[in-house]
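1. Got a predicted model here, sequence first, then my questions.
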Amino acid sequence: MNRIPRFRVLDVFLSGLKYDDAVDNVIRMAGDGGRHYVCVFAVDSILKCHADERLARIANSSDMTLCDGMPLVMLGRKAAHVEMSRCYGPDVMLGVSDRGRAAGLRHFYYGGASEEITDALESNLKAKFPGLSVVGKYVPPFRELTPEEEDGVVECINASGADVVWVGVGTPKQDFWMDRFRGRLNAGVLVAVGAAFNFHAGAVRQAPSWMQRVGMEWFFRLLAEPGRLWKRYLIGNPYFIALLLKQMATGKPGRLGEIRQD
């Protein structure tokens, strides 16, 4: 891979690159013989990193931490002067599923709220991308896995021969999961894509493309799931702005837009 500029927003260095390059990089990681992982972050994830040093470490040690939301893309363009575009998790999943067919990539889905969700995800993506190879699925329980269950997950994924493991259990749980399991899994790349499972399964509606382009997807999701998301957006977004202003004024925990080359 070419060196990817990473720019600082609060405690996190985000990958500044375009969507097509992000997709190509995931495909390369899947087949280069290494053990990689990719985080996909929106504003809420940055706030979680600000409150949890371990999560920040995971994000900053990733092969890529992609910008899922337009506010982060705008910060990259304005504060760091990086040429980049939004690398939306559901779109990255589609791009890799599509282009990865030429390389014969094998996919494993870890996550989803139910077997019906992951079955619909597999069915819909196979219909969209004929020839897509899905070699396994695992729907974890809504609790911590026992050591025996963890061993079973590792055995299941490794036995499948998967090249790409898509992890859809929500931030920060999915990021902690990748950190915990990365060393035990043979798959070339793990990618945390959060709500992509629900979107591609048809269980949750996505915002119209124009709302995504102008950075208003959060408003659509708030209207769709107010009980679950009101704190994230109505409290989290103003808090994020306040922290950015503080970072700009003090340069702490580092200069906004500071560049690190990977």
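-> Yep, that arrived. Residues are numbered from 1 along each chain as shown.

2. Skip the chain neighbours and tell me the closest residue to the most centrally placed residue in the chain.
-> The residue lying closest to the centre of the chain (CA atoms, centre = their mean) is Val40, at 2.6 Å. Among residues not flanking Val40 along the chain, Gly89 sits closest, at 4.1 Å (CB to CB, 6 or more residues apart in numbering). Every C-beta, even on glycine, is put in place using the N, C-alpha and C of the backbone.

3. same for the helix or strand containing Gly76, what does it pack against?
-> Per DSSP states H and E: Gly76 is located in helix 70-79. For helix 70-79, the contact count by 3 or more CB pairs under 8 Å, 6 or more residues apart in numbering; DSSP states H and E identifies strand 5-9, helix 43-51 as packing neighbours.

4. what's the distance between it and the middle of its chain?
-> 17 Å (CA atoms, centre = their mean, to the nearest Å).

5. ditto for stretch 111-128
-> The answer for stretch 111-128 is 18 Å, by CA atoms, centre = their mean.

6. Pull out the buried residues from that stretch.
-> Gly111, Gly112, Ala113, Ile117, Thr118, Ala120, Leu121, Glu122, Leu125 (16 or more other CB atoms under 10 Å).

7. which residues touch Val167?
-> Tyr110, Gly111, Gln174, Trp177, Met178, Leu190, Val191, Ala192, Val193 (CB atoms under 8 Å, 6 or more residues apart in numbering).

8. what residues are up against Ser122?
-> For residue 122 the amino acid is Glu, not Ser. Tyr109, Val134, Lys137.

9. Now the terminal residues of stretch 96-116, how far apart.
-> 23 Å (CA to CA, to the nearest Å).

10. Sorry, wrong one. I was asking about stretch 28-43.
-> 27 Å.

11. same check, this time on stretch 58-74
-> By CA to CA, one end of stretch 58-74 lies 23 Å from the other end.

12. Okay, buried residues for it please.
-> Neighbour count says stretch 58-74 has 58-60, 62-73 buried, by 16+ other CB under 10 Å.

13. Of those residues, which one scores lowest on pLDDT?
-> Least confident by pLDDT among these: that is Gly69, with 87.

14. so how far is Asp44 from that residue?
-> Counting by CB to CB, to the nearest Å, the gap from Gly69 to Asp44 is 9 Å.

15. and if you look at Gly168?
-> Going from Gly168 to Asp44 by CB to CB gives 16 Å.

16. Likewise for Val82?
-> Per CB to CB, Val82 is found 21 Å from Asp44.

17. for the stretch 151-262 of the chain, what spans make up the strands?
-> 164-168, 189-192, 259-261 (DSSP state E, counting those that start in this stretch).
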